[in-house]
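[1] model the following, please.
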Amino acid sequence: MTSADNSAQMITLGPDGPTVPALGIGTWAWGDKLFWGYGDKYGEAELEKAFQGAFASGITLFDTAEIYGFGESERLIGRFLQQHNQQHPDQTVQIATKYFPLPWRFSPSAVSEALTASLTRLGVTSVALYQVHWPFDFLLGQPKLMQALAKEVKQGRIQSIGVSNYNAEQMRTAHKQLADLGVPLAVNQMQYSLLSRGIETNGVMAAAKELDITILAYSPLAQGLLTGKYSAETYEPPVGARRLDPRFGKQGLEKLAPLFAQLKEIGDRHSKTPAQVALNWVIAQGALPIPGAKSAKQAEQNAGALGWSLTTAELEALSSTSKAVQ
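    Residues are numbered from 1 along each chain as shown. Next up, the predicted model:
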């Protein structure tokens, strides 16, 4: 029922991009005070342990963005990387970061300047993946944006190009624009989990499979809803970013109770946590989940989603229940 081959679970980003583990770590909360309360309940020391714990568990891909903590996420990763490289010079960490298409970034040089700033904060000369955070046009326009990104691939500062939050049509357009320049579109980073399955019906997942574009799944645990930590029985008013999500309210948790129970039941069968089951389900759909982690324990638990497989019956049961509770 359960296979244990963690090291073999690797994914190539796009048709010929970097090869990475089938699960990464999302770092929106690293350095973010506004939504996640960085510096209050957790700080740099905890995040460095999360970084080390993830890597020790076989997770080498870290997804960040210039906008996360207004650059602090990248700066933290840069410091952790420097320490890592001193201790493990032969072991590679792969970084994905994102360009935010701000309205005043209206020339191709803005892309180069933003990338230079990210590389400086990260303390590296290149990144495995560089993504456009949102499908905004403004004055630069998508064709020039894609030309600027393709140029950076050819210069070696980025290994692969991704987009984020692009609908099917926007993704197809970006794919064609890059293909005309001889560069593949490797990734579309989208919200995807048992509780956010829109890409299955809006054409994004179908187009990604057709074009050999990898889906990076952000919020694969629905900001913690799928971890088993939250229930109507133990309800406490949510804090931080979770206050904006009605599913964290008592009525929302009551509605989701059947899915929570099923995650626990299946997890017990495999000696896995509900979170590991939820992440394994995402991997089984062909997507690469990038759950957050603010501690070594969370990073190590995330890695427990690798090296085993849900049965076909379990996958179908989870899919059916998740549709029924939404």
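[2] so A54, which of the three states?
    Secondary structure, DSSP: H, G, I helix; E, B strand; the rest coil: A54 is helix.
[3] can you pull out the strands in the chain?
    10-12, 19-21, 25-26, 61-63, 94-99, 129-132, 161-164, 185-191, 214-218, 288-289 (DSSP state E).
[4] report the beta-bridge partners for the spatially closest residue to Q131 that is not a sequence neighbour.
    Nearest non-adjacent residue to Q131, counting by CB to CB, 6 or more residues apart in numbering: G162, 3.6 Å away. Backbone N, C-alpha and C define where each C-beta goes, glycine included. Judged by DSSP bridges, the bridge partners of G162 are Q131, V187.
[5] measure G162 to G17 for me?
    Taking CB to CB, to the nearest Å as the measure, G162 falls 9 Å from G17.
[6] more crowded one of the two?
    Higher neighbour count among G162 and G17: G162, with 30 against 21, using other CB atoms under 10 Å.
[7] shouldn't that one be in contact with Y130?
    Yes - the criterion here is CB atoms under 8 Å, and G162 meets it with Y130 at 7.0 Å.
[8] joint contacts of these two?
    A96 (CB atoms under 8 Å, 6 or more residues apart in numbering).
[9] now do the contacts for the residue nearest to Q131.
    So G162 contacts 13, 96, 129-132, 185-189, 216 (CB under 8 Å, 6+ apart).
[10] so can I have a markdown table of those showing distance to G224, neighbour count and pLDDT?
    Listed next are the contacts of G162 as a markdown table, based on distance: CB to CB, whole Å; neighbours: other CB atoms under 10 Å; pLDDT from 0 to 100:
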| residue | distance to G224 | neighbour count | pLDDT |
| --- | --- | --- | --- |
| L13 | 26 | 25 | 96 |
| A96 | 22 | 30 | 98 |
| L129 | 25 | 27 | 98 |
| Y130 | 28 | 27 | 98 |
| Q131 | 24 | 26 | 98 |
| V132 | 27 | 25 | 97 |
| L185 | 31 | 29 | 98 |
| A186 | 28 | 30 | 98 |
| V187 | 24 | 26 | 98 |
| N188 | 24 | 30 | 98 |
| Q189 | 19 | 27 | 98 |
| L216 | 19 | 28 | 98 |
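[11] tabulate those residues (TSV), appending distance to R242.
    Listed next are these as TSV, based on distance: CB to CB, whole Å:
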residue	distance to R242
L13	30
A96	25
L129	28
Y130	29
Q131	25
V132	27
L185	32
A186	31
V187	27
N188	25
Q189	21
L216	22
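[12] of all those, which comes closest to F260?
    The closest of the contacts of G162 to F260 turns out to be L216 (CB to CB; 25.2 Å).
[13] now for the nearest residue to that closest one once chain neighbours are set aside: which residues touch it?
    Taking CB to CB, 6+ apart, and ignoring the residues beside it in sequence, L216 has Q189 as its nearest neighbour in space, at 4.0 Å. Residues in contact with Q189, defined by CB under 8 Å, 6+ apart, are 63, 98, 131, 162-165, 215-218, 290.
[14] one more time with 7 Å, if that's ok
    131, 162, 164, 216, 218 (CB atoms under 7 Å, 6 or more residues apart in numbering).
[15] what does A114 give?
    Per CB under 7 Å, 6+ apart, neighbours of A114: 66, 99.
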